[in-house]
Each structure stands twice: as C-alpha cells, then as structure tokens.
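>>> Next input, structure requested:
(one chain, ligands or ions: 1)
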Amino acid sequence: MFEKVLIANRGEIAVRVARACRELGIRSVAVYSTADRDSAVVRLADEAVCIGPPDSRQSYLNAAAIVEAARKTGAQAVHPGYGFLSEDPDFAEICAENGLVFIGPRPEVMAALGDKARARALLAEAGLPLPPGSMAPVGTAAEARAVADEIGHPVIIKGVAGGGGRGMTLVRSADDLGPAYERTRIAAQAAFGDDRVYLERYLTQARHVEVQVLCDGYGNGVHLGTRDCSVQRRHQKLVEEGPAPALSAATLDALAETALRGALHVGYTGAGTFEFLVDEAERFHFIEINCRLQVEHPVTEMISGVDLVHEQLHIAGGVPLRLRQEDVRLHGVAIECRVNAEDPARGFVPTPGRLTRFVPPTGPFTRVDTHGYPDYLVGPYYDSLLAKVVVWAPDRELALNRMERALHEFEVAGCGICTTIPFARRVLDDPGFRKGRYTTGLVDRLLGVPEATGDEPFPTSPARRTR
Ligand code: ADP
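Numbers count the residues shown, from 1 in each chain. All right, here's what the predicted structure looks like:
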C-alpha cells in the first residue's frame, strides 16, 4: 500500500480523497491553483503544493506541474478524482514514465474506452446491447444521412471524444441532419480537439441507469448494483438514486451482470461505471463507460457499505480485490442531490460569489460531501458543484422524506449565489419521480420544454446496429 498519494483535483472530490487517505494511514498531498489557496483540501491534506494560476490548463490540467509536485513531495501515486485529467490516457502514461501509480485503469484500456465509438465496437464484441447507430466515426454528412435513414429519427450525434454531457446534438428530422452534423463536428473540435462524431438512435422516454464495478489487476471483478441518473439538465446529472427504482429484479440483475461481463472483457481495473439507457419495455442499451470515480459514487457506498475510494487505493496498490460477489449485499435506498451554485431559472447558469451563510444538513443517515464553508468564495473558473447531499433509508418513501428534510435544513446564502436546492425540491415533489417512474425528460418537463418525440418506430431488436 502507498505511503503518500497526490490528489490531482479540487473541490469536494479532493476533500473526499484526502479523507480516504487519512482513514487508511496514507499521507496526502493536495495540489491547488492560486484561485484555490483557501480551499478546504489545502487545510485537510498533509501537504499542499501550488501548481499554477486559475486557468485549469495551467494548473489542474498541467501534467508537468502535477508530476513535479509529486516528485517534490515524494508521492508514489496520483488519484485523479473525476473530470480534469482523470480519463486522460496520456496523463496516465506520463505518471507511469515518472514512476507514479495512476489510480485508474491502464492507459491503453482508458484510450480504447475514451473513444466512444471504439468503446461501442469493443462492448458489442462482448455481446452488450447497444442503441442502433454507427460502429465507427461518420466521415461525411452523406454518410450520417445514410446511417440515420437506416436507424430512423430522432438521432443523437455525439463526439467520439465527448464527455460531461457536452458535444451532443439531438436531431429530430432528416432536414436538420446535415447542418447538425457540421455543427457538432465544429463544437467537438473546439471542446475536445477531435472532430470525429458518430450517430445513435435517440431513445425517447428512456432512463439513464448505470452500474458500478470494481475490478483488480488479477482478473477479479464485482458489481455493486445500479444507480438511476435520469434527472439531468443538458445531459448532466442533478439527482441520482440507487438501486434504480421501478425496474424488475431480473432487469437489475441483468444490467449488473452485463456490465461486469463488459468490464472483464476489456480488462478493466479499478472503479468504473457502465452507463445504459433503459427503455419503457426495460430493454437496456449500453452507452458508455466512465473510467473513474463518479460524482454520484456515494449512492453506491450508502447501499453497499463499500468505501469505493478505499477500494480504488487498495486495487492501485496491487492488493487483490477484497470482495467477492457474494460479499456484496445491497441494503435500502440512497438518494443524492447535487447542490450547484447555479440559477435554474436562468438555464442553470453558474452564479459565483462569496458564501455568507453555509449550514449543511446533518442528522440520521445524512451525508454531505462538500468543500464549502462560510466565507468561501465560489469562483468563476471551475464547475459549479458546491455540495452533494446523500441520504439513506430502508425504503424509498423514507429516503425521499429524509432528503426533503435534509434540503429543508440546508442553509446557503451569499452575494449573487443561487443554488439548485429549490429545483431539487421540485423534482422530489413531482408525482412521477415519487413513484420512481421518470425518464431523462423529467427536467425538461418541469421546465416546460418539449421532449423529442420519436415519429418513426423504434427498431425492435435492441442489439440491432449498422456498420
Ligand atoms: P457524456 O459522455 O457526455 O456524459 P453520454 O453518452 O453518457 O454522454 O450521454 C449523456 C446523456 O445524454 C445520457 O444520460 C442521456 O440522457 C442522453 N443520451 C445519450 N445518448 C442517448 C441516446 N442514444 N438516446 C437518448 N438519450 C441519450
């Protein structure tokens, strides 16, 4: 096991990892930009190194500065958190070249899975059902039209290197396809430095259900159940819960087993998430793998009792997986609400500012992961996630009530700051959500935005695909 780990991230996830390190007797090194001098992790970690100015390209994305901080402090491993360099195979390579263990899957596995078109092809090989679509990047608008004609509208055009809900365009009719194709390529090039795109049939009335897996470097793996993350704005999650509600036990089992089969097929190591869309008939379709810890990982921790960061550290340290599938017992229901410094009334725009009041909820089975504190300055440079409120209860009804109680207690105020708390409360109040019957269209419905309607029938075979 490691003696010292560098945390190449910021915000609540850096705090989360620093806590895990301390619990395991590992010394932690925080890195921070000049904008984050006063951040919570700088106080909580054993050491802290400034790695550059606020612009993340010069700090949290600056591999050379991070590796230098590790060298200077004698860290043996790097935990990348989520976002920033967490899914960058080049960074993982650079770590290895400098004698540092990158806490995540092997670089070549990450490279294959980070290319979403390649991941589709790889997972199809393992027999995972995919939404109908292209099996390779689509090179011209004419080719895109041919694929769309075959799979039917609506379609979604996605950047091969996309992530974080960005670089995707929903196309409802053939007339819109050509311009949307060009637009998405330009946007993908600007956002990810890669203009390759591919097409999928857009599933209306679908639910986003994902499966947490843990695999070691010796061919062992377990799944830790499902999370429903259908409550999304602009394809980014707002509320997550586990296990996914209102699905049959057979579907939940099949999802979990399918994900684990896929993970073992690609030689995955560490904590990973397999994302699926589940349609009304409970047919599921693989969409992508996230090669890192997810923001919503506490949901799984609450229902499984497994500390995923501890497991990541053990796996990266070369310890064989400490769990067998029969040791994984899921109990009750957990829900997470993300508290972002954003204004839902203005399209969820970030609202930076200084916190004047910050009193997170406490109480039974209530966990808050946050880097916020009174007087903390929520800067304009990074993402707007301020806190995650997670509750657990033996059943969903009580979990919902507990979350309402927790959000009611949460006091956040500051100059110019709005939060997503009032919006999360609207979600909790929604009758469909309360019944566990909701889709990725829920947020748009609450905001009065019409969802895409599929005019053409959805192909009957869920595994059907073109090229
Ligand atoms: P990212 O990597 O940017 O997060 P994903 O491929 O995981 O992108 O998709 C993010 C979200 O976009 C999904 O959770 C879902 O709401 C929506 N989405 C993606 N693909 C489809 C699809 N084929 N049909 C319907 N919705 C989709």
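
>>> how is the chain carved up into domains?
The chain resolves into domains spanning 4-103, 132-201, 207-447 when parsed by automatic domain parsing.

>>> Would you quantify the distance from residue 108 to residue 92?
Separation of residue 108 from residue 92 (Cβ to Cβ, to the nearest Å) stands at 9 Å. (C-beta placed from N, C-alpha, C; glycine too.)

>>> Around the ligand, pick out the residues from the stretch 351-467 of the chain.
Within the stretch 351-467 of the chain, the positions near the ligand by Cβ under 6 Å from any ligand atom are residue 440.

>>> Show me the shaky parts of the stretch 351-467 of the chain.
Applying pLDDT under 70 to the stretch 351-467 of the chain flags the ranges 451-467.

>>> from it, which residue is nearest to the ligand?
Closest to the ligand within the stretch 351-467 of the chain is residue 440: 3.8 Å, counting by Cβ to the nearest ligand atom.

>>> of residue 108 and residue 92, who's got more company?
Higher neighbour count among residue 108 and residue 92: residue 92, with 28 against 12, using other Cβ atoms under 10 Å.

>>> The more buried one contacts residue 101, doesn't it?
No - using Cβ atoms under 8 Å as the test, residue 92 is too far from residue 101 to be in contact (9.7 Å).

>>> that older thread, go through the domains of the chain and find the least confident stretch.
Ranked by mean pLDDT, these end with domain 132-201 at the bottom, a mean of 94.

>>> got the end-to-end distance for that domain?
Length of domain 132-201, first residue to last, Cα to Cα, to the nearest Å: 6 Å.

>>> does any bit of that domain sit next to the ligand?
Yes - residues of domain 132-201 are located near the ligand by Cβ under 6 Å from any ligand atom, namely 156, 158, 162, 163, 164, 165, 166, 200.

>>> Ranking by neighbours, what's the top pick from those?
With neighbours set by other Cβ under 10 Å, the maximum within those is found at residue 158, which has 26 neighbours.

>>> Note down every partner strand of the helix or strand containing it and its orientation.
Per DSSP states H and E: residue 158 is located in strand 155-159. Partners of strand 155-159 in the sheet, by DSSP bridges, are strand 168-171 (antiparallel), strand 197-201 (antiparallel).

>>> Look up phi and psi at residue 269.
phi -130, psi 140 (degrees, to the nearest 10).

>>> go on, residue 10?
For residue 10, the backbone dihedrals (degrees, to the nearest 10) come out as phi -140, psi -170.

>>> I'd assumed residue 39 was in contact with it.
Yes - between residue 10 and residue 39 there is a contact under Cβ under 8 Å: 6.4 Å.

>>> So for those two, which sits in the more crowded spot?
A count of neighbours by other Cβ under 10 Å puts residue 10 above the other of residue 10 and residue 39, at 28 against 24.

>>> Give the closest residue to that one in space, chain neighbours not counted.
residue 36 (5.5 Å; Cβ to Cβ, 6 or more residues apart in numbering).

>>> Repeat that for residue 334.
Nearest in space to residue 334, with sequence neighbours left out and distances taken as Cβ to Cβ, 6+ apart, is residue 302 at 3.6 Å.

>>> my guess is that neighbour is in a strand, correct?
No - counting by DSSP: H, G, I helix; E, B strand; the rest coil, residue 302 is not found in a strand; it is helix.

>>> how many other residues sit next to it?
Other residues close to residue 302 by other Cβ under 10 Å number 24.

>>> wait, what's in contact with it?
With contact taken as Cβ atoms under 8 Å, 6 or more residues apart in numbering, residue 302 is in contact with 242, 332, 334, 365, 367, 390, 391, 392.

>>> Output the residues you listed as a markdown table; include the columns distance to residue 56, secondary structure and neighbour count.
Converted to a markdown table, the contacts of residue 302 look like this (distance: Cβ to Cβ, whole Å; DSSP: H, G, I helix; E, B strand; the rest coil; neighbours: other Cβ atoms under 10 Å):
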| residue | distance to residue 56 | secondary structure | neighbour count |
| --- | --- | --- | --- |
| 242 | 30 | strand | 30 |
| 332 | 38 | coil | 16 |
| 334 | 31 | strand | 29 |
| 365 | 35 | coil | 16 |
| 367 | 27 | strand | 18 |
| 390 | 26 | strand | 26 |
| 391 | 32 | strand | 29 |
| 392 | 33 | strand | 22 |
